[in-house]
Structure formats: C-alpha cells, structure tokens
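> I would like the atomic coordinates for the input below:
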Amino acid sequence: MVDLVVRAASATTVVDAQRLVAELRGFSGVRSAEIVAALTPVVGELDLLERLPVGPAQWGQELRVDFSAAPARTELLAAAAEIAAAADRALAQPCRAVPPPPMLGSPLAWAITTGARAMILTVDPARGWSALSDSFGAVLGHDRHRPPDYRLIDLIHPDDRPAAVAMFLTCCAGDHPAGTTDLRLCTAAGRWRVIEVAARSFVDDAQVGVVVFFGIDVTRQRESERTAAVERQRLARLVETMDDGLLLLDEQGRVRLANLAAHRLLDTGMVGPGTSRGDLTDDDPLDWAAVIGRTVERAGRDSARIQRLREAFVLRHAIVGEEIPLDDGRVLEIDLVPVAGPGETDSGSLVHLRDVTARVAVRRGLEERSRGLEERNQALVEATALNNEFVATVSHELRGPLSSVVAFAHLLGDVTTGDLSEDQRTYLDVIDRNANRLLRLIEDLLLLSRLEARTLQLRPMPTRLPELLAVAVAERTPAALAAGLELVLECEDGPEVICDDTRVHQVVDNLVSNAVKFTPSGGRVTVRAGPDGDGWTVAVADSGVGIPAADLPRLFSAFFRGSNVAAVVGRQVMPGTGLGLVVSRAIVELHGGGISVASTEGVGTTVTLSLPSRPARNGG
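Next up is the predicted model:
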C-alpha cells in the first residue's frame with residue numbers, strides 16, 4: 001500500500017493513474033474502483049463508498065472506490081486519495097498539438113490514413129495530440145501540419161467536454177469505449193460542427209502507446225434528425241388530438257397504431273375516466289382482434305357494407321365514406337386506404353373513423369323535408385297551372401262579350417246612327433270607359449298568365465330605341481297636355497337594341513301613363529334614355545305624389561295599389577288594375593334586363609329599366 005502511494009505521487013500521465021486504479025481494485029476489501037462520471041448512479045453502501053474528484057469540476061469526473069469493510073477503507077483511503085490526485089494532476093497538464101509524424105507505417109497505410117473521410121486524431125498522454133487525416137482541415141479549417149496552439153479540450157464545446165474526458169479516461173484504462181459519442185468541435189471560423197466520435201485504446205501497446213479518435217462530420221445529418229423528430233412529435237400530437245380515429249393495420253390486418261379517438265369510437269375501454277393509453281404495456285397488449293370482431297358483430301357481420309370493406313382490404317382497394325350503422329344507434333363513417341411502404345411494397349392499410357351520427361340524422365331529416373317540399377312544390381305547380389288555366393279561360397270568355405259592348409257603344413256614339421241627348425252621351429261615355437278598363441284588365445291578366453306560364457314568345461328584331469321612345473311619348477302627349485303637364489323626352493343616340501319592340505313599347509307606355517296619371521297639374525314628366533355599357537338605360541321621372549316608403553316593397557305584387565292612390569292630384573284619376581308594374585317587370589326580365597323604383601312621397605317617382613343589347617332568353 002505504501003508502494004502504491006509512492007508511485008501515485010510520481011505518476012505523470014492519466015495512463016499511469018488508471019493503472020494504479022486497476023491495482024487498487026486488486027486489494028482485499030475493495031469491491032470496485034474506477035474513474036467515472038460524477039452523475040453515474042451510485043451502487044453500494046454509502047457509508048463504505050468514497051468519491052474523490054478528478055480534474056476540473058466542470059468535467060464532472062471522480063474516482064469512486066467501493067469498500068467492502070470499514071477497516072479496508074481506513075487503510076486504503078490515503079492511497080485512493082493519492083491516486084485521485086495523480087489523475088487530477090495528469091488531466092491538468094496541457095495536451096497541446098504536436099506536428100504529425102512524416103510517415104506512419106507503410107506508404108499505402110499512410111495514404112489511406114491521410115485521405116480518410118473520417119478525422120483521425122491521436123493523443124499521446126505524455127506528448128500531445130496530432131491530426132493524421134486531411135479531413136481535419138477540410139471539416140474544421142485547421143492545417144494539420146501547423147495545428148493551432150490549443151489544448152485539444154479547447155476545441156470541444158464546454159457542454160460536451162465531460163463526455164470527451166470520459167472517453168479519454170476509458171481509453172487510458174486500456175478499454176475501448178462502447179459506441180460513439182457526438183461532440184461539438186469549433187472550426188477555425190468559430191462555428192460549431194457536430195462530430196460523431198469513436199475511440200480506440202492502444203496505450204497498452206508498447207509500439208503505439210496512444211489513444212486514437214475517429215470523427216465523422218454529422219452536422220447536417222443531426223440537424224435533419226432534429227427536424228424530423230420535431231415533425232414526428234407534431235404529427236404524433238396532431239394524430240392524438242384528432243377527433244377522428246386512426247388505425248394503421250399491417251398486411252395481416254393487425255393493428256400497429258391507434259390514436260385515442262379510435263379507442264373511444266371502438267369502445268376499447270382504454271380511454272375515459274381513470275384510464276389512458278399509458279395504461280397499456282407490452283406485457284398486456286390490447287386484443288385488437290377481439291375489439292374489431294365486436295365492432296363487426298355490432299354492425300351486422302354479413303352486411304353488404306362489411307363485405308365491401310373485407311374485399312377492399314384483401315384486394316388492396318381504397319374505399320371512402322362507407323357508413324356503418326351500429327346496434328347502439330351510432331353511425332361510423334370509414335375510409336380504408338392501402339399504404340405502400342418503401343419501394344412500393346405492401347405495408348398494410350390506414351383506417352380513418354368518423355362518428356357521423358349527427359350528420360346522418362340531419363341528412364335524413366333534410367331528405368324527409370325535401371320530399372315534403374317537393375310534394376308541396378308539385379302541388380303549388382299544379383295549383384298555379386290550374387289558376388293560370390282558369391284565368392285564361394275566364395278572361396277569354398269575358399273578352400268576347402266586352403269587345404261587343406265596346407263595339408256597339410262606338411256604333412251608338414256614331415253621328416250617323418242618330419242624335420243622342422246630353423245624358424245619353426254621358427251614359428255612353430261611362431259604358432265605353434269602363435268597358436275599355438275591363439278589356440285592359442283582361443288583356444293584362446292574359447299576358448301575366450302567359451308570362452308566368454312562360455308561354456309568351458318574344459319576337460326580337462333590331463330596334464332604334466330613340467324612335468320607339470319618341471312614338472311612346474308622342475302618344476301620351478295629348479293626355480299630358482290635357483292634364484296640364486309638361487312631358488319631355490331626353491334621349492341620346494346609340495346602337496340598336498335587339499328586342500320585341502311591341503312589348504318594350506308596352507312597358508314604356510305603361511310607365512309614362514302612370515307618371516302622367518299621378519302627377520298634379522303644372523308638374524313635369526321626363527323620359528331619359530342613353531347607352532349604358534352593353535345595353536340601354538331608360539328612366540321615367542315625375543314630380544307627382546310619390547309612393548309611401550311602406551308601399552315600396554310591394555310595388556311589384558299583383559293587384560297591389562299604393563295607399564295614396566286617392567291623393568288629390570287636381571283632377572279625376574281612373575283607378576288602375578295593379579298589374580302594370582308586374583307585367584312590365586316580367587317583360588323586361590324576359591329580355592334579360594331589370595327594373596327598379598325610387599320614390600319619395602310628395603316629391604316624385606323615378607322608374608329605371610335596363611335593357612341589354614340582346615335579350616338573354618326567349619319566352620316559353
């Protein structure tokens with residue numbers, strides 16, 4: 001023991017210290033003795049365990065001696081302390097770079113060493129370190145023939161130095177470290193590269209006596225691995241937090257992956273209060289075959305849907321949106337998608353599960369409602385057809401007798417038939433006026449019936465709209481003058497319009513007639529028209545009684561008349577049928593145009609219609 005202390009005091013290298021540690025293990029009363037990382041778990045009785053620091057504290061190394069008895073601890077503690085001090089002194093010695101030897105072994109061996117992809121460094125515990133391969137310069141930017149005057153440890157990231165020192169200590173004990181270790185090394189430019197390092201010990205070989213480190217630059221690889229790991233974690237979190245269930249089956253149909261939603265939807269009993277996926281262990285795996293079997297039974301083992309899923313799995317076909325009703329009232333929607341592995345080899349199938357019970361219930365409700373609406377719509381169509389037929393029939397039956405009444409009224413009023421008294425002339429005017437009003441009503445009803453039944457055929461032809469408007473205004477000018485109104489046409493020149501001139505004339509005449517009818521004497525009615533893009537815009541504006549705001553939404557309703565039609569305009573006004581605007585809008589829309597009304601009660605009304613250059617469709 002005294003000799004061990006003396007030799008420890010004179011030891012100069014870590015190899016010497018490790019050999020003394022090996023001798024210490026041979027003493028009686030010592031269970032184990034080794035230099036290890038201070039974070040290594042402690043094994044043994046703490047009262048008989050001695051832990052002696054080795055090297056700087058930031059390297060985290062210590063000599064750990066486990067004694068089997070207290071007397072041995074008392075006797076050998078001084079020797080252990082001296083060995084720890086020897087290792088501490090050796091590690092404190094600067095391990096600086098020394099030039100590599102000019103030749104090492106045969107020329108072939110030297111060529112292979114210097115040209116190796118891996119960085120090869122040798123550490124002589126007594127002399128220093130040398131870089132043998134040119135990749136040292138290629139990776140780190142240092143010239144290996146003129147290495148930096150650094151300690152080798154200075155090239156290593158501070159956080160990685162404990163691991164590097166541990167490898168070195170293992171090699172100095174004559175052992176080869178297991179596996180590899182990632183170390184960050186600093187380049188000549190001050191950047192860090194990740195180097196995967198392996199070490200081999202040749203300290204017990206008298207002809208070599210060095211530790212050899214082999215390093216491969218894996219910076220990009222590790223970055224890719226970190227990125228892939230982050231993406232895998234994100235994907236795993238996404239899969240686990242999905243409301244839809246996912247099952248990954250292998251080619252034999254065995255479940256290899258299942259998220260929480262799949263457990264919930266298939267009632268595995270592994271999720272819910274007091275349970276979690278973490279309860280599963282490899283020793284007690286979930287019997288997925290039984291789970292799937294129960295689900296198939298609940299869905300009807302021999303149902304056509306189950307058979308389709310089986311065939312799709314066997315034949316490697318995709319199947320999407322298959323709805324499987326279960327006996328508990330739920331409906332699961334299943335997608336089955338074959339998954340190809342590397343090289344397009346069969347890797348099983350992905351099963352996507354969704355609970356669509358609510359959606360199916362809504363769909364069924366909508367289908368029932370749709371059927372009800374279709375039935376009601378059909379009934380309305382039939383009722384409308386009957387109504388149109390009735391209106392057409394009645395109107396036709398009325399038009400004949402009324403036409404006779406009008407014709408004979410005209411004959412009675414003819415001076416050639418004899419003189420009439422003043423009262424007779426008055427009565428005849430009343431007959432003529434009301435008969436003509438009924439005829440107009442019947443004509444409007446027939447026209448509206450044809451428009452609603454889409455049986456009215458347009459007869460489009462090239463039309464000069466300024467000329468059409470001039471004729472319509474000229475026809476209403478006598479009535480305007482008789483009412484004490486100014487009727488003005490302001491029309492720009494423009495291209496021809498392809499339209500049914502008779503129907504467009506009817507619309508303009510109706511709008512001008514309304515404006516004249518509801519404008520007090522002294523007022524003004526203006527018809528403005530001009531090209532507007534690919535069509536024409538026509539506006540009929542008056543300074544009449546206007547329309548109440550509450551009446552505007554109903555203006556285009558059949559038989560609707562404004563609430564102020566009885567307003568005094570200074571003269572007697574023949575009441576309308578309430579069909580003029582309805583018919584006008586139908587005609588304009590049949591041409592592909594539109595009509596709108598702007599009015600302020602007591603100020604006036606402007607009706608604007610737009611006509612395209614060509615009709616969008618033909619009636620019927």
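
> Quick one: neighbours of residue 475, just the number.
A total of 14 residues lie near residue 475 under the criterion other CB atoms under 10 Å. Heads up, the C-betas are built off the backbone N, CA and C, glycines and all.

> My understanding was that it contacts residue 506; is that so?
No. Counting by CB atoms under 8 Å, residue 475 stays clear of residue 506, with 11.5 Å between them.

> following the helix or strand of the chain with the lowest mean pLDDT, which helix or strand comes up?
Every helix and strand in the chain was compared by mean pLDDT, DSSP states H and E; the lowest is helix 422-452, with a mean of 71. Remark: after helix 422-452, the chain's next helix or strand is strand 461-463, criterion DSSP states H and E.

> would residue 339 count as being in a strand?
Yes. Assessed with DSSP: H, G, I helix; E, B strand; the rest coil, residue 339 lies in a strand.

> from what I can see it touches residue 348, true?
Yes. Look at residue 339 against residue 348 with CB under 8 Å: they come within range, at 5.5 Å.

> joint contacts of the two?
Taking CB atoms under 8 Å, 6 or more residues apart in numbering as the contact rule, residue 339 and residue 348 both touch residue 248.

> So which residues of the stretch 351-500 of the chain form helices?
Using DSSP state H, counting those that start in this stretch, the helices of the stretch 351-500 of the chain run over 357-413, 422-452, 465-482.

> mean pLDDT lowest for which of those helices?
Per-stretch mean pLDDT for those is lowest at helix 422-452 (a mean of 71).

> which sections of the stretch 201-350 of the chain are below the confidence cut-off?
The stretch 201-350 of the chain contains residues with pLDDT under 70 at 271-285, 341-346.

> What segments of it are helices?
With helices called from DSSP H, counting those that start in this stretch, the stretch 201-350 of the chain shows them at 219-241, 260-265, 288-299, 304-315.

> Check which residues of the second one are buried.
Judged by neighbour count using 16 or more other CB atoms under 10 Å, the buried positions of helix 260-265 are 260-265.

> again with the first one
Of the residues in helix 219-241, those buried under the neighbour-count criterion (16+ other CB under 10 Å) are 219, 222, 239.

> Does anything pack onto it? Which helices or strands?
Helix 219-241 is packed against strand 192-201, with contacts defined by 3 or more CB pairs under 8 Å, 6 or more residues apart in numbering; DSSP states H and E.

> who does the strand it packs on pair up with?
Strand pairing for strand 192-201, using DSSP bridges, gives strand 181-186 (antiparallel), strand 211-217 (antiparallel).

> which residues touch the last one?
Contacts of strand 211-217 with the rest of the structure, by CB under 8 Å, 6+ apart, involve 117-123, 125, 135, 139, 167-168, 171-172, 183, 185, 193-203.

> again, only using 6 Å
118-123, 139, 171, 193, 195-201 (CB atoms under 6 Å, 6 or more residues apart in numbering).

> now the residues you listed: which count as buried?
Those of the contacts of strand 211-217 that meet the buried threshold are 118-123, 139, 171, 193, 195-199, 201, by 16+ other CB under 10 Å.

> Just the closest of these to residue 90, please.
Nearest to residue 90 among the buried ones among the contacts of strand 211-217, counting by CB to CB, is residue 123 at 12.3 Å.

> my hunch is that that closest one is in a strand, does that hold up?
Yes. Remark: residue 123 belongs to a strand, assigned using three-state DSSP.

> my read: it touches residue 129, true?
Yes. Assessed by CB atoms under 6 Å, residue 123 is found in contact with residue 129 at 4.6 Å.

> Tell me, how many residues neighbour residue 216?
So residue 216, with other CB under 10 Å, has 17 neighbours.

> any idea how far it is from residue 297?
For residue 216, the distance to residue 297 equals 56 Å [CB to CB, to the nearest Å].

> and if you look at residue 545?
79 Å.

> Looking at those two, which is more packed in?
For residue 545 and residue 297, the more surrounded residue by other CB under 10 Å is residue 545, and the numbers stand at 23 against 12.

> what pairs with residue 323 across the strands?
residue 333.

> so where do the helices sit in the stretch 51-200 of the chain?
Ranges of helices in the stretch 51-200 of the chain, per DSSP H, counting those that start in this stretch, are 70-92, 107-114, 135-140, 161-172.

> most neighbours per residue, which of these?
helix 161-172 (a mean of 22; mean count of other CB atoms under 10 Å).

> related to what we said a few turns ago, which stretch in the helices of the stretch 51-200 of the chain is the model least sure about?
helix 107-114 (a mean of 81).

> From the chain's centroid, how far away is that one?
Its chain's C-alpha centre and that of helix 107-114 lie 58 Å apart, by CA atoms, centre = their mean, to the nearest Å.

> again, but for stretch 594-613
Distance, centroid of stretch 594-613 to centroid of chain: 45 Å (CA atoms, centre = their mean).
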